[in-house]
Structure formats: C-alpha cells, structure tokens
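1. Quick check, what structure comes out for this input:
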Amino acid sequence: MSTATLQPIAGPVQKFLDKSPHKLLIGGKWVEAASGETFEAINPADESVLARVAKGGAEDVNRAVAAARKAFDSGQYRFMSCHGRSKLLNRLADAIEDHLEEFAQLDSLDNGKPLAIARAADIPLVVEHFRYYAGWADKLEGETIPVAPPYDPNGRYLNYTLREPVGVVGQIIPWNFPLLMAAWKLGAALASGCSVILKPAEQTPLSAIRLAELICDVGFPDGVFNLITGYGDAGEALVKHDDVDKVAFTGSTEVGKKIVEASSGNLKKVTLELGGKSPNVVFADADPEVAAAGAASAIFFNHGQCCCAGSRLFIQKPIYDEVLERVAEIGKNLKVGPGMAEGTEMGPLVSSEQLQRVSGYIKSGIAEGAETLVGGEGKPSGLNKGYFCKPTVFGKVRGDMKMIRDEIFGPVVAAFPFDDLEDVAAEANNTEYGLAAGIFTKDIGRAHRLAELIRAGTVWINCYNMFDAASPFGGYKQSGYGREMGKHALDNYLQTKSVWVKIG
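-> Presented below is the predicted three-dimensional model:
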C-alpha cells in the first residue's frame with residue numbers, strides 16, 4: 001500500500017465542494033431537482049461524503065429536453081458560423097487547461113484514480129479533444145453530385161448535399177473516466193451544432209458539474225448544454241424521450257441492450273460503447289520485460305476499470321512462465337492507496353458495489369480452480385477503509401470459467417498458454433465482445449496478420465492503452481456500434497440532406 005501523505009485539496013476545489021448541494025443546469029440556469037432530492041458524492045478512498053448533488057428525475061429530464069429543443073430550434077447555435085462554434089470550443093479547451101489541477105483533483109477525489117495520472121493523461125486528453133473538434137467545426141462539408149435522371153434526359157440539375165446536426169442529443173457517460181468520457185461525447189456533438197443533455201454517472205458527477213460551469217462561462221448559448229445528475233431512472237427517461245433525436249451511451253453491454261429497446265419509440269439514432277474482454281497476445285519472440293510491462297499496464301491501468309482492459313493474457317508457451325512471473329511481480333509491487341496520496345499507482349475501485357462485483361469474480365475464479373499468483377480475496381494490507389482491491393493475477397485457467405467469460409472491470413487478469421498464431425486467433429475471438437486487443441512481437445508481419453484476424457475495434461501492437469482524439473475507438477459484436485473520436489464520431493451527430501435544383 002502507499003503510505004505517502006495525502007496531497008492537500010486545492011483552494012478552488014474545496015470552494016467548489018463547499019457549494020454543496022450542487023444543482024442541475026437547465027436552459028442556462030442552475031436549478032434544484034423538481035423533487036428537491038439530493039444524493040451523496042462519495043470519496044472511494046475513505047468513504048467520506050465529498051458533496052451533495054441534485055437527484056434529477058423524469059420531470060427534470062423533460063425540462064432539459066424542452067430547453068435543448070428550444071435552443072436547437074432557435075438556430076442561435078445551430079446556425080452560428082462554423083468559426084463561431086470553433087472559437088467556443090477552443091475557449092472551452094483553454095478554460096479546462098487553465099483549471100487542469102482543479103479537474104485532476106476532482107476526478108481523483110470522486111473516482112479514486114491516482115492524481116498523477118489525472119494530471120498527466122486524463123485532463124490533457126480532454127483539452128486535446130475539444131481542440132481537435134474545434135478544428136472540425138469548419139470542415140463539415142457537403143458535396144456536389146453529377147446527376148442525370150433517365151426519365152428526364154434533357155433536364156439539367158444541380159444536386160448537392162448538406163451535413164446538418166441531428167438535433168437534440170442525450171449523452172450518458174460512465175464513471176471510469178468522468179471528464180474524459182464527457183469530452184469524447186461532447187466534442188463531436190458541439191462541433192456539429194447539436195444541443196445536448198449530459199447525464200454523468202451517479203458515482204462521479206463532480207467534474208461534469210464543474211465542466212458545466214465553464215461551458216456557461218465561455219459563452220455557449222443557454223440550452224445548448226444541459227446537465228442532469230441522478231440515477232438510472234433519469235437516464236431511462238432521457239433515452240425514452242420522444243423529443244430526443246439521438247442517444248450516445250458508454251457503459252455495460254447489459255444496459256446498452258436496454259437502451260436499444262427503450263430508444264425504439266421514435267427510432268432515435270443510438271451509438272453504444274460497451275463492455276470488453278480484450279485479449280492481449282505475447283509471442284515468444286517478444287522482449288519478456290517489455291511484454292510483461294505492457295500486459296501489466298493493460299490490466300492495472302485505472303484499476304482495471306477500463307472497457308478495453310487486457311483481461312485475457314495469452315502467452316506463447318516458450319516464455320509463458322517467465323512473462324507471467326514478471327506480470328505477477330509487477331502486480332505484487334504496485335503502490336495501492338488513495339488517489340490523492342503521492343506515489344499511488346493504483347487507487348480504490350469506484351464504489352462499494354464495484355468492489356463487491358470484482359471480489360465476487362475473484363472468489364469465483366478461486367472456487368473454479370484457477371491458480372492465484374498474486375492478489376486474491378480481501379483488501380490490501382493496511383487499507384481497511386475505502387473500496388480497495390488487490391491486483392490479481394491468475395494462471396491455470398479454463399475458457400469455461402465465469403471470470404473468463406464475463407467482463408470483471410477490475411484489476412484481475414487471467415493467463416493462457418498458446419502454441420501458434422491460428423490457435424491464439426481463435427481463442428482471442430472466443431468471446432461475445434470485440435472492443436480491443438494487444439499484440440507483442442518483433443515480427444511485424446505476424447502482428448499485422450493477427451491484427452486482421454482479431455475481431456476488435458482497436459488493436460495495439462507492442463503497446464497498449466494508446467489514445468488520441470484523431471483516432472477512432474469503438475467495438476465489434478456486443479462491444480457496441482458507432483465510433484468515438486476522430487472524424488468518424490462526427491457521423492454520430494450529423495444527418496445528410498440531398499438538395500436538387502433544376503437549372504435547365
């Protein structure tokens with residue numbers, strides 16, 4: 001465990017927390033939930049209450065959707081010049097960068113992630129994301145199409161297309177990367193000219209509230225961005241609402257299926273970024289030290305609370321024992337502690353419910369005969385308070401084990417030996433998921449061949465957990481559909497209109 005002293009909460013962060021209870025943002029105004037109810041934002045490192053937050057419900061969703069619809073139909077933002085939208089997004093990026101430490105601390109306190117990671121990765125990626133989509137706002141081009149209807153051979157026509165915003169968008173984000181997942185959704189939507197209702201996870205609402213304050217500060221028109229904090233009933237009301245044109249969701253496959261069903265009322269567009277059970281493949285020619293470090297990062301980064309976590313580790317037989325021992329040694333020596341403690345490499349899981357879930361899978365693996373190389377049941381020594389879990393490495397596993405089939409969403413990896421490329425390709429694809437995969441080898445030709453064979457939306461070769469706003473991310477199979485990031489994400493928020501003009 002980490003015994004380092006907790007870093008002090010910055011003055012602006014404490015001032016923000018002291019505003020409790022935090023309100024909803026609807027139509028440019030901060031308002032209480034219609035019910036007057038609030039809920040607690042809990043620090044997962046010590047189970048203390050950070051703040052109280054408005055518990056939005058169906059009535060609040062109705063108000064937010066009405067505000068978003070009014071803003072969209074008014075055209076103030078929708079028909080704003082592309083340069084105007086770009087400037088607003090750049091201002092937002094600058095404002096987030098100016099408050100980087102504040103956001104890093106909020107996500108560390110609310111989610112449990114190490115402050116150093118939030119500072120160095122999460123928040124800089126958020127800034128980059130908004131700047132990237134600021135650059136797209138003036139590049140949403142249509143096209144002219146040569147047309148000649150056979151039933152009017154003498155007619156002359158101009159045919160062109162327009163790329164128009166889809167309308168009112170509901171976005172539901174998860175708790176594992178609170179601010180970053182909000183940016184993934186908002187960047188493309190706001191660049192496209194949509195109006196948005198954002199529903200953050202109830203476990204981690206704080207950085208989204210602070211983001212909403214900055215969105216107001218930099219000058220987005222009232223109603224273009226609305227924030228509803230609350231539980232699943234608020235998300236359900238948003239998905240079912242007939243005046244919402246599109247829903248974007250990141251979360252579990254189970255909930256994703258329910259969203260598809262609930263969205264059928266008005267056939268709204270839906271994009272889903274869901275679960276994963278990602279394979280990470282290490283060939284015998286890989287550097288064992290590099291591969292082990294990559295495999296450990298693939299599963300222990302963000303406490304294993306990543307949809308793309310490399311939770312199934314395939315190691316070619318000649319180096320199986322060596323790489324597995326190295327991964328176990330890394331897990332054994334990880335500094336586990338509060339995210340706000342100096343030197344912490346892995347913080348707590350996000351909630352009591354998540355700890356119970358992960359612990360259940362660890363118990364299941366042990367009961368079904370898996371070999372525990374490091375970790376296992378119980379909390380790390382000295383960390384009795386908070387939702388801490390041991391980094392866990394399993395060997396001697398079988399494909400029919402519950403922990404192999406299901407997404408665990410915690411720092412738990414299971415290792416398999418394999419013989420050859422065809423063998424591992426089949427096993428890598430032996431899952432209902434298809435979000436990501438990793439490959440470690442010095443044979444780049446073999447790496448490309450396996451990358452083609454694996455049915456996953458992202459494949460990392462000799463690296464893992466690499467992200468950039470320009471590169472698309474999303475899943476195959478039950479890992480969802482649609483893409484986040486890159487130019488591809490813009491398709492989620494745009495409609496194509498064909499216009500015909502008779503010119504002769």
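
2. got the residue ranges for the strands in the stretch 51-200 of the chain?
-> Counting by DSSP state E, counting those that start in this stretch, the stretch 51-200 of the chain has strands at residues 144-145, 157-165, 168-172, 195-199.

3. Only alpha carbons, please: show the third one as PDB.
-> What follows is strand 168-172, C-alpha atoms only, in PDB (Å, rounded to 0.1, in the frame of the first residue of the first chain):
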ATOM      1  CA  VAL A 168     -31.300  17.200 -29.500                       C
ATOM      2  CA  VAL A 169     -28.800  14.600 -28.100                       C
ATOM      3  CA  GLY A 170     -28.800  12.700 -24.900                       C
ATOM      4  CA  GLN A 171     -25.400  11.600 -23.700                       C
ATOM      5  CA  ILE A 172     -24.900   9.100 -20.800                       C
END
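
4. Quick check: which helices or strands does that strand pack against?
-> helix 58-74, helix 178-192, strand 195-199, helix 232-240, strand 246-250 (3 or more C-beta pairs under 8 Å, 6 or more residues apart in numbering; DSSP states H and E). All C-beta atoms are positioned from the backbone trio N, CA, C, and that covers glycine.

5. what's next to that strand, contact-wise?
-> Strand 168-172 is contacted from outside by 65, 68-69, 72, 182, 185-186, 189, 194-199, 235, 238-239, 241, 243-251, 259, 493, using C-beta atoms under 8 Å, 6 or more residues apart in numbering.

6. do the same with the second one
-> Around strand 157-165, the neighbours that count as contacts under C-beta under 8 Å, 6+ apart are 72, 78, 140-149, 192-194, 493-503.

7. Alpha carbons of it, as PDB, please.
-> The C-alpha trace of strand 157-165 is given here as PDB (Å, rounded to 0.1, in the frame of the first residue of the first chain):
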ATOM      1  CA  TYR A 157     -29.900  19.600 -62.400                       C
ATOM      2  CA  LEU A 158     -27.600  20.600 -59.700                       C
ATOM      3  CA  ASN A 159     -27.500  18.100 -56.800                       C
ATOM      4  CA  TYR A 160     -25.700  18.900 -53.600                       C
ATOM      5  CA  THR A 161     -25.600  17.600 -50.000                       C
ATOM      6  CA  LEU A 162     -25.700  19.300 -46.700                       C
ATOM      7  CA  ARG A 163     -24.400  18.000 -43.400                       C
ATOM      8  CA  GLU A 164     -26.700  19.100 -40.700                       C
ATOM      9  CA  PRO A 165     -26.800  18.500 -36.900                       C
END
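
8. Partner strands of it and their direction?
-> strand 144-145 (antiparallel), strand 494-502 (antiparallel) (DSSP bridges).

9. Same list (those) but as a markdown table, adding mean neighbour count.
-> Formatted as a markdown table, these follow (neighbours: other C-beta atoms under 10 Å):
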| stretch | mean neighbour count |
| --- | --- |
| strand 144-145 | 11 |
| strand 494-502 | 12 |
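
10. Would you tell me which of those gets closest to residue 153?
-> strand 494-502 (14.0 Å; C-beta to C-beta).

11. contact partners of that closest one?
-> 140, 142, 145, 147, 155-166, 192.

12. care to break the protein down by domain?
-> 11-274+481-498, 279-470 (automatic domain parsing).

13. closest to residue 5 out of the ones you listed?
-> Of the domains of the chain, the one closest to residue 5 (C-beta to C-beta) turns out to be domain 279-470, at 6.6 Å.

14. and the closest one, how far out from the chain's middle?
-> 18 Å (C-alpha atoms, centre = their mean, to the nearest Å).

15. For it, the averaged confidence score.
-> Mean pLDDT, computed over domain 279-470, is 97.

16. just to revisit the earlier point, take the domains of the chain and lay them out in a markdown table including distance to residue 5.
-> Converted to a markdown table, the domains of the chain look like this (distance: least, C-beta to C-beta, whole Å):
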| stretch | distance to residue 5 |
| --- | --- |
| domain 11-274+481-498 | 13 |
| domain 279-470 | 7 |
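
17. Would you list the phi and psi of residue 24?
-> Dihedral pair for residue 24: phi -90, psi 150, per degrees, to the nearest 10.

18. Once you drop chain neighbours, what's closest to it?
-> Leaving aside its chain neighbours, residue 24 sits nearest to residue 54 (4.9 Å; criterion: C-beta to C-beta, 6 or more residues apart in numbering).

19. again, but for residue 236
-> Nearest residue to residue 236, sequence neighbours excluded (C-beta to C-beta, 6+ apart): residue 262, at 6.4 Å.

20. gap between the one you found and residue 203?
-> From residue 262 across to residue 203, the span is 21 Å (C-beta to C-beta, to the nearest Å).

21. Mark which of the contacts of strand 494-502 are buried, thanks.
-> For those, a burial check counting by 16 or more other C-beta atoms under 10 Å picks out 140, 163-166, 192.

22. Relative to residue 498, how far out is the residue of the chain most remote from its centre?
-> Distance to the chain centre peaks in the chain at residue 154, reaching 53.8 Å (criterion: C-alpha atoms, centre = their mean). Shown here: residue 154 relative to residue 498, a distance of 22 Å by C-beta to C-beta.

23. How about residue 205?
-> 42 Å.

24. next one: residue 361
-> Separation of residue 361 from residue 498 (C-beta to C-beta): 51 Å.

25. got the buried residues for stretch 299-307?
-> Per 16+ other C-beta under 10 Å, stretch 299-307 contains these buried residues: 299-307.

26. And for stretch 415-423?
-> Result for stretch 415-423 [16+ other C-beta under 10 Å]: buried residues 415-418, 421.

27. Next, name the residue at the spatial heart of this protein.
-> Note: the chain centre (C-alpha atoms, centre = their mean) maps to residue 181, 4.3 Å.

28. nearest residue to that one other than its sequence neighbours?
-> residue 173 is the one closest to residue 181 (C-beta to C-beta, 6+ apart), at 4.2 Å.

29. wait, that neighbour sits on residue 183?
-> No: Residue 173 lies out of contact with residue 183 (C-beta atoms under 8 Å); the separation is 9.5 Å.

30. For the closest residue to residue 64 other than its chain neighbours, list the residues it contacts.
-> Spatial nearest neighbour of residue 64, excluding adjacent residues (C-beta to C-beta, 6+ apart): residue 226 at 4.2 Å. Residue 226 makes contact with 24-27, 64, 67-68, 195-198 under the criterion C-beta under 8 Å, 6+ apart.

31. run the last query once more with 7 Å
-> 25-27, 64, 67-68, 196-197 (C-beta atoms under 7 Å, 6 or more residues apart in numbering).

32. can you check residue 63 too?
-> residue 26.

33. what about 8 Å?
-> For residue 63, the contacting residues are 26-27, 31, 34, by C-beta under 8 Å, 6+ apart.

34. neighbour-wise, which of those residues leads?
-> Neighbour tally across the contacts of residue 63 (other C-beta atoms under 10 Å): the maximum, 24 neighbours, falls on residue 26.

35. Quick check: it touching residue 67?
-> Yes: applying C-beta under 8 Å as the test, residue 26 and residue 67 come out as touching, 5.3 Å apart.

36. count of neighbours near the residue nearest to residue 181?
-> So residue 173, with other C-beta under 10 Å, has 27 neighbours.

37. related to what we said a few turns ago, farthest pair within the buried residues of stretch 299-307?
-> Every pair of the buried residues of stretch 299-307 checked by C-beta to C-beta; the farthest is 300 and 307, at 15.1 Å.

38. can you pull the contacts of the nearest residue to residue 178 once chain neighbours are set aside?
-> Leaving out its chain neighbours, the residue that sits closest to residue 178 by C-beta to C-beta, 6+ apart is residue 204, at 4.1 Å. By C-beta under 8 Å, 6+ apart, the contact set of residue 204 is 41, 107, 110-111, 175, 178, 350.
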